[in-house]
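In: Give me a 3D structure for the following:
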Amino acid sequence: MTILVTGATGTVGRHVVEQLVERGERVRALTRNPGRASFPEGVEIVAGDLTVTASLTAAFEGVTAAHLINCGGDDLAVLQNGKEIVDLAVASGVRRVTVLSAWDDGPLEPAVQASSLEWTLVQPTEFMANALDWAQPIRESGEVREPFAATKTAMIHEADIAAVIVTALTEDGHAGESYWLTGPELLDIPEKLRLISEATGREIRLVELTREQARAEMLAAGMSEEMIAFKFMVFGDLPWGPYTVMPTFEKVTGRPGRTFAQWATENADKFRA
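Out: Alright, predicted model coming up:
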């Protein structure tokens, strides 16, 4: 069977492709820029834009399972053509799908749930890869400026998100499930920076910002008011969510999740000058 992976060049999608190939699956990778994509040998690369349903017809042809994401375009906005994508998938003969959801669901999730597809929703908390936002300031100054330093989150490794998706796509028993995913540990910002420091061998200073200081710096960096409000809600106001370690990953895959220390070691070069 052929498995279609949308968002194939993304933070999670590239791991989905690699892990499916490792399992011996036939993989078709969807990307808006095929000429710039790099995938393992044997992966079929197709062009298409998730925000333009008509561009996806060839990508879904002959596909029996698909991994979908609920956002697209340059700004990664929530897709508004979710029902059209689902209708195309069903008409093309797709039987099983996974959906990687952002914090806000869009039309894709209810359309999938209302369809004849075997669906699995995958809803991860904060990606460990988000820590790469600190890479440039650490390289340039050895300093990180953040609000909410004491907030503890259960970041999850992007390869572990992919592992759940690959399991749901290739094994029975996951249809109709909504998987809320976290990493195996709760860490605050000082602890995350300590682990990056250990992995890189360099000292990292934390400057904790007030809400007002953080908002001013985010606006100066070009961040939208909507995104600022979202970040403040998630890291300053949310009552649980990323603050709770969930057992879902281990139950689905049968192994413990990767730690932030592992992630920091794997990505240490990105933080070095």
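In: what's in contact with the one helix or strand Arg28 maps to?
Out: Per DSSP states H and E, Arg28 falls inside strand 26-31. For strand 26-31, the surrounding residues in contact (CB atoms under 8 Å, 6 or more residues apart in numbering) are 1-9, 13, 17, 20-21, 37, 39, 42-48, 50, 56, 59, 63. C-beta here means a position set from N, CA and C on the backbone, and glycine is covered the same way.
In: Report the buried residues of that strand.
Out: Of the residues in strand 26-31, those buried by neighbour count under the rule 16 or more other CB atoms under 10 Å are 27-31.
In: and if you look at stretch 136-150?
Out: Result for stretch 136-150 [16+ other CB under 10 Å]: buried residues 137-138, 144, 146-149.
In: what's the answer for stretch 85-102, then?
Out: Of all the residues in stretch 85-102, those buried under the rule 16+ other CB under 10 Å are 85-86, 88-90, 92, 94, 96-101.
In: Tell me which of these has the lowest pLDDT.
Out: Among the buried residues of stretch 85-102, Ser101 carries the weakest pLDDT, at 88.
In: Just give the closest residue to that residue, not the sequence neighbours.
Out: Nearest residue to Ser101, sequence neighbours excluded (CB to CB, 6 or more residues apart in numbering): Gln123, at 4.8 Å.
In: name the helices or strands packed onto the helix or strand that contains that neighbour?
Out: Assigned by DSSP H and E, Gln123 belongs to strand 118-124. Secondary-structure packing of strand 118-124 (3 or more CB pairs under 8 Å, 6 or more residues apart in numbering; DSSP states H and E): strand 96-100, helix 108-113, helix 158-170, strand 177-181.
In: I would like the residues contacting that strand, please.
Out: For strand 118-124, contacts defined as CB under 8 Å, 6+ apart pick out 95-101, 109, 112-113, 156, 161, 164-165, 168, 174-182.
In: partner strands of it, parallel or antiparallel?
Out: Here the strand partners of strand 118-124, with direction, are listed using DSSP bridges: strand 96-100 (parallel), strand 177-181 (parallel).
In: what's the offset of the last one from the middle of its chain?
Out: On the basis of CA atoms, centre = their mean, to the nearest Å, strand 177-181 sits 13 Å off its chain's mean C-alpha point.
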